[in-house]
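Asks: Coordinates for the following, if possible.
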Amino acid sequence: MSLLLYLFNFPYCSLCCISIRSISRPFDMIMDLNDTKHLWKIVVRITEIWYVQIPPKPGHVEMVLMDSKGDKIQVSVRNEEFNEWKERLVENKTYVMHNYNVFRNELQFKVCDHTYRMQYTADTTLKQKEFPDIPKKEYSFKKFGDIWELHD
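Replies: So this is what the prediction gives:
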C-alpha cells in the first residue's frame, strides 16, 4: 500500500510529489519462534484443534499451527480467550497472527517437537486470509529408536 501526497506551493507555483510507502514487517517462521522477543508475526494453517478439560480445572483449547515450511507449534487458548475466538478459529484455514505469548514447551503431553509453544492472550489478533502455499497436512514420522528412548 502506498500513499501519494501532493504539496502545492502557490506563490511559486511549484509542485512536490512525495510517495510514502507503508512498511510492513516480514512474516516470521515457526522454527524461529522463541521467548526472547514479543513481536512475532506468523502466517499459519490450523491443522488440528481440540478441547481439553481435566476436572476440576476449567477447559481450554489446544491447536497445532503449521507454516509454509511444514514446521509446527502447539498453541493453548485459555477458556476466557476461547470464548472470544471460537467462531474464528477454524481447522484447515490459514491466518496471519500477532500478539501472543511464547513459552518453553514444558507440557506433559507434547504434540509437536518445537521447543516452544504459544499461548493466546486478550491482545492476540488474527486475520483469516488464504495462503495456498501452506500445505493442509505435513506428516513427520519418528524413528523407532526415538520412540523406544522415551519408553520407561
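
Asks: And the strands in this structure?
Replies: In the chain, the segments counted as strands under DSSP state E are 2-9, 14-21, 41-52, 60-66, 72-78, 94-104, 116-128.

Asks: Okay, now the unreliable bits of this protein?
Replies: In the predicted model of the chain, residues 1-24, 139, 141, 147, 150-152 satisfy pLDDT under 70.

Asks: C-alpha coordinates for stretch 130-143, CSV please?
Replies: Listed in CSV are the C-alpha atoms of stretch 130-143, where the atom choice follows Å, rounded to 0.1, in the frame of the first residue of the first chain:
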residue,chain,number,x,y,z
GLU,A,130,-5.9,-17.5,2.0
PHE,A,131,-2.3,-18.8,1.8
PRO,A,132,-2.4,-21.7,-0.6
ASP,A,133,1.4,-22.3,-0.2
ILE,A,134,0.8,-23.7,3.3
PRO,A,135,0.1,-27.4,3.0
LYS,A,136,-3.0,-28.9,4.5
LYS,A,137,-1.1,-31.7,6.2
GLU,A,138,2.5,-32.5,6.8
TYR,A,139,3.5,-35.8,8.3
SER,A,140,6.6,-36.2,10.3
PHE,A,141,7.4,-39.8,11.2
LYS,A,142,9.5,-40.8,14.2
LYS,A,143,12.3,-43.3,14.1
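
Asks: tell me which residues in it are buried?
Replies: Within stretch 130-143, the residues scored as buried using 16 or more other CB atoms under 10 Å are residue 134. All C-beta spots, glycine's among them, are computed from the backbone N, C-alpha and C.

Asks: Run the chain-centre distance for that stretch.
Replies: 15 Å (CA atoms, centre = their mean, to the nearest Å).

Asks: Need the contact partners of it.
Replies: Defining contact as CB atoms under 8 Å, 6 or more residues apart in numbering, one finds that stretch 130-143 is touched by 43, 44, 45, 47, 66, 67, 68, 70, 72, 92, 94, 113.

Asks: if we go to 6 Å?
Replies: Under the criterion CB atoms under 6 Å, 6 or more residues apart in numbering, residues 43, 45, 66, 68, 70, 94 lie in contact with stretch 130-143.

Asks: who touches the last one in this structure?
Replies: Taking CB under 6 Å, 6+ apart as the contact definition, residue 94 lies against 45, 131, 134.

Asks: one more time with 7 Å
Replies: Listed by CB atoms under 7 Å, 6 or more residues apart in numbering, the contact set of residue 94 reads 43, 44, 45, 129, 130, 131, 134.
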